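Visitor: Give the three-dimensional model of this entry:
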Amino acid sequence: QVQLVESGGGLVQAGASLRLSCAASGGTFSSYTMAWFRQAPGKEREFVAAISWSGGSTNYADSVKGRFTISRGDANTVYLRINSLKPEDTAVYYCAARANSRVGTSDYEYNYWGQGTQVTVSS
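Guide: Below is the predicted model:
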């Protein structure tokens, strides 16, 4: 059973940086794609970034390009670095995984989800 556990969220001031982590377990991730989505209060969940585990291909939502960086670490961990945080980045950030190397951007493409980590940005 694949499990995803996010961490690294918190309350920060605008302009600060955060690094979110997603620890994956219970699967063989060499052919997986990992992604981050977020859901702000009163809004639908939206795609943020994705990375293929083996090939290192990445994809970003246009709204976060230049400020967000997705990367793979050791020990089945995926990171999301967020620079120059804005109040509109306030959301619950979810890690997701799919057993496919295509770097998809739709949430229905992902089979496994973490519980989410809250990011709150104050102005």
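
Visitor: Please count neighbours and contacts with C-alpha atoms only from this point.
Guide: Will do.

Visitor: quick one, what contacts the residue most central in space within the chain?
Guide: Centroid-nearest residue in the chain: W36, 2.2 Å away (criterion: Cα atoms, centre = their mean). By Cα atoms under 8 Å, 6 or more residues apart in numbering, the contact set of W36 is 47-50, 80, 93-96.

Visitor: Closest one to G73 out of the residues you listed, please.
Guide: Of all the contacts of W36, G73 sits closest to L80, with 10.6 Å by Cα to Cα.

Visitor: The closest one belongs to a helix?
Guide: No - using DSSP: H, G, I helix; E, B strand; the rest coil, the assignment for L80 is strand, not a helix.

Visitor: host element of the closest residue in space to it that isn't next to it in sequence?
Guide: Excluding its sequence neighbours, the residue lying closest to L80 (Cα to Cα, 6 or more residues apart in numbering) is I70, at 4.6 Å. Here I70 sits within strand 68-72, counting by DSSP states H and E.

Visitor: name the helices or strands packed onto that strand?
Guide: strand 46-52, strand 77-82 (3 or more Cα pairs under 8 Å, 6 or more residues apart in numbering; DSSP states H and E).

Visitor: let's see it at 6 Å
Guide: The contact analysis (3 or more Cα pairs under 6 Å, 6 or more residues apart in numbering; DSSP states H and E) places strand 68-72 against strand 77-82.

Visitor: quick one: contacts of the helix or strand where V119 lies?
Guide: Secondary structure from DSSP H and E places V119 in strand 117-122. Residues from elsewhere that reach strand 117-122 (Cα atoms under 6 Å, 6 or more residues apart in numbering): 6-7, 9-14, 87, 90-93.

Visitor: can you give me how far the strand holding I70 is from the chain middle?
Guide: Centroid separation between strand 68-72 and its chain, computed with Cα atoms, centre = their mean, to the nearest Å, is 8 Å.

Visitor: Throw the contacts of strand 117-122 into TSV and include pLDDT and secondary structure, thanks.
Guide: Formatted as TSV, these follow (pLDDT from 0 to 100; DSSP: H, G, I helix; E, B strand; the rest coil):
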residue	pLDDT	secondary structure
E6	98	strand
S7	97	strand
G9	97	coil
G10	97	strand
L11	97	strand
V12	97	strand
Q13	97	strand
A14	98	coil
P87	96	helix
T90	97	coil
A91	98	strand
V92	98	strand
Y93	98	strand
